[in-house]
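J.: Could you look at this predicted model? Sequence included:
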Amino acid sequence: MSVVARVHREEWARVVASLTRRFGDLGLAEEMAGEAFAIAVERWPRDGVPPNPGAWITTTANRKAIDRLRREAVGGAKQAEALMIRDDGPPEPVGAVEDDRLRLLFVCCHPALAVEARVALTLRMVGGLTVFEIARAFLVPEATVGQRITRAKNKIRSAGIPFRVPLDGDLPERLTGVLAVLYLVFNEGYLATGEETEPIRRDLMAEAIREVRLLKSLLPHDGEVAGLLALMLLTEARTPARVSETGELVRLDEQDRNAWDRALISEGVALVRERLTAVARGDARPGRYQILAAINAVHATAPDASETDWSQIVTLYDQLSVVDGSPMVALNRAIAVAEVEGPAAGLTLIDGLAGALDGYHAFHAARADLLRRLGRTAEAHAAYDRAIELAGNSAEKAHLVRRRAVLTG
């Protein structure tokens, strides 16, 4: 478990809000809270979490403020110190977002930081993910994630980026980062990283869904918020059937669909239809999460795997490729194409992604399956070997080992 994951996230949010309230009149709250936050990011992983994290942050911010004011004016410093020690005023409003954890997500997803940097930093500090887990989510080396977080911290310091409670006007420009963080946290729960962890972390999935539900009530007309909620619900609905009693991951086409949560599916499909109606009216254009939700709705509403409308899924992936041209989208589209046009067509598309996805286990697993279907057993065996080597989840590795054993048996 990461250093930050051991800290109560609600306490972090209260500390940030408290510092904002306490220093607001002096114009120091935002900068001092940001500096204390950045120092914690740097020191805690190395020195360990202090016994009282909230008090540590508050004390650090107080000392920073006192030092600043002493440099500027002795008299002003004494007045500020007295103000910082005393805080008898009534609590100020929490801003546009009442929930502590969701508010802290908006606080951290500051638009002055590059999107990848703000998402990585927030996943580390608020999501509680390790650098290794974040690297797997982004499909990049750990060193790259470390550099992004370091650059984000440096910019916070050098630019004096304020970590203040978000107002209504702050939400739209920060929403993209917040949605990305919640999506990646949910994905880490859906298929957890590391062989020593539970293959599915229901706590992460449940918390991500809870926060997106709050977002939906806060921004009821935002299509991507609705799309992400639908995507999470449709994915969560399949969780009871995803891992066998022996601890092996069960593929979608092999799952017991009677075990799926039909209430969650109904809710998710209703959200998808709501967004499709808005798009048909010309009120909106579908974004990434809305299209992903629509793809999952096709799977969720098929009575049996053999009745899945793969042509529709290919069409949806074509739309998704326009807004998200990532290699992962291309990989999933290739898998769908294989179901429509045959394994040879899918394999041709997948082989074209070797440069971008060679270090990703799902790429090799998909290749292995298509090679198996084409009767190219030796190549399939080698692809399974590589997929097993790269797999970071015990349940997924067990599944791949079984598939390889069937191939050679």
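T.: Structure received.
J.: per-domain residue ranges of this protein.
T.: 4-85, 325-409 (automatic domain parsing).
J.: Val323 - how many residues pack around it?
T.: 14 (other Cβ atoms under 10 Å). Placement of C-beta: from N, CA and C, glycine included.
J.: What residues of stretch 141-149 count as buried?
T.: By neighbour count with 16 or more other Cβ atoms under 10 Å, stretch 141-149 contains the buried residues Thr144, Val145, Arg148, Ile149.
J.: sorry, back to before: if I average pLDDT within each of the domains of the chain, which one is lowest?
T.: Looking at the domains of the chain, the lowest mean pLDDT belongs to domain 4-85 (a mean of 56).
J.: ok, the closest residue to Pro111 other than its chain neighbours to Gly282 distance?
T.: Nearest residue to Pro111 in three dimensions, chain neighbours excluded: Glu173, at 4.7 Å (Cβ to Cβ, 6 or more residues apart in numbering). Applying Cβ to Cβ, to the nearest Å, the value for Glu173 to Gly282 is 25 Å.
J.: Repeat that for Pro240.
T.: Computed as Cβ to Cβ, the Pro240 to Gly282 distance reads 39 Å.
J.: Over to Gly346?
T.: Taking Cβ to Cβ, one finds Gly346 at 34 Å from Gly282.
J.: between those two, who's got more neighbours?
T.: Each of Gly346 and Gly282 has its neighbours counted (other Cβ under 10 Å); Gly346 has more, 25 against 7.
J.: Convert the C-alpha atoms of the helix or strand hosting that one to CSV, please.
T.: Taking DSSP states H and E as the definition, Gly346 sits inside helix 343-351. Taking C-alpha atoms only, helix 343-351 is exported to CSV below (Å, rounded to 0.1, in the frame of the first residue of the first chain):
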residue,chain,number,x,y,z
PRO,A,343,-8.9,-13.8,-36.9
ALA,A,344,-6.6,-13.1,-39.8
ALA,A,345,-8.0,-9.6,-40.3
GLY,A,346,-7.7,-8.9,-36.6
LEU,A,347,-4.2,-10.3,-36.3
THR,A,348,-3.0,-8.0,-39.1
LEU,A,349,-4.3,-5.0,-37.3
ILE,A,350,-2.8,-6.1,-34.0
ASP,A,351,0.6,-6.8,-35.4
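J.: which element follows that helix toward the C-terminus?
T.: helix 354-357.
J.: residues of that following helix that come out buried?
T.: Leu357.
J.: I'd like the numbering to begin with 50 instead of 1 from here.
T.: All set: I'll call the first residue 50, so the last point we hit is now helix 403-406.
J.: Arg173 contacts Ile183, doesn't it?
T.: Yes - with contact defined as Cβ atoms under 8 Å, Arg173 reaches Ile183; the gap is 6.5 Å.
J.: about what we covered before: distance from the helix holding Gly395 to the middle of the chain?
T.: Mean-position distance between helix 392-400 and its chain equals 29 Å (Cα atoms, centre = their mean, to the nearest Å).
J.: Go ahead and name everything in contact with that helix.
T.: Helix 392-400 is contacted from outside by 379-380, 382-384, 386-388, 412, 415-416, 419-420, 422-423, using Cβ atoms under 8 Å, 6 or more residues apart in numbering.
J.: 7 Å instead?
T.: For helix 392-400, the surrounding residues in contact (Cβ atoms under 7 Å, 6 or more residues apart in numbering) are Leu380, Ala383, Ile384, Val386, Ala387, Phe412, Ala415, Arg416, Leu419, Leu420, Arg422, Leu423.
J.: Name the residues of that helix that come out as buried.
T.: Pro392, Gly395, Leu396, Leu398, Ile399.
J.: and if you look at stretch 261-273?
T.: In terms of neighbour count (16+ other Cβ under 10 Å), stretch 261-273 has its buried residues at Val261, Leu263, Leu264, Lys265, Leu267, Asp271, Gly272, Glu273.
J.: quick one: the fifth one from Pro221, how far?
T.: Between Leu267 and Pro221 the distance is 12 Å, computed by Cβ to Cβ.
J.: How about the last one?
T.: When distances are taken as Cβ to Cβ, Glu273 and Pro221 turn out to be 11 Å apart.
J.: low pLDDT regions in the stretch 100-249 of the chain?
T.: Along the stretch 100-249 of the chain, the model assigns pLDDT under 70 to residues 100-108, 110-145, 210-214, 244-245.
J.: could you pull out the helices for it?
T.: For the stretch 100-249 of the chain, the helices defined by DSSP state H, counting those that start in this stretch occupy 102-121, 123-134, 149-157, 164-174, 180-187, 191-208, 220-239.
J.: gap between the last one and the chain center?
T.: Going by Cα atoms, centre = their mean, the spacing between the C-alpha centre of helix 220-239 and its chain's C-alpha centre is 5 Å.
J.: by contact count, what packs against the helix or strand just after it?
T.: Downstream of helix 220-239, the first helix or strand assigned by DSSP H and E is helix 251-267. Counting contacts by 3 or more Cβ pairs under 7 Å, 6 or more residues apart in numbering; DSSP states H and E, helix 251-267 is packed against helix 149-157, helix 220-239, helix 272-285.
J.: can you list contacts of the longest one?
T.: Among residues not part of helix 220-239, those counted as contacts by Cβ under 7 Å, 6+ apart are 145, 154-155, 158, 160, 164, 167-168, 171-172, 176, 178, 182, 186, 215, 249-254, 257, 260-261, 268, 273, 277, 281, 284, 338.
J.: What is the burial count for the residue nearest to Tyr338 when sequence neighbours are not counted?
T.: Nearest residue to Tyr338, sequence neighbours excluded (Cβ to Cβ, 6+ apart): Gly276, at 3.6 Å. When counting by other Cβ under 10 Å, one arrives at 25 neighbours for Gly276.
J.: so Gly276 sits right up against Asn345, yeah?
T.: No - Gly276 lies out of contact with Asn345 (Cβ atoms under 7 Å); the separation is 10.3 Å.
J.: Could you check how far Gln312 is from Val321?
T.: Not Gln; residue 312 is Ala. As for Ala312, its distance to Val321 is 15 Å (criterion: Cβ to Cβ).
J.: Counting neighbours, go ahead and name the busier of these two.
T.: Per other Cβ under 10 Å, whichever of Ala312 and Val321 has more neighbours is Val321, with 26 against 10.
J.: Could I get the full set of helices for the stretch 350-458 of the chain?
T.: 359-372, 376-390, 392-400, 403-406, 410-422, 426-439, 443-457.
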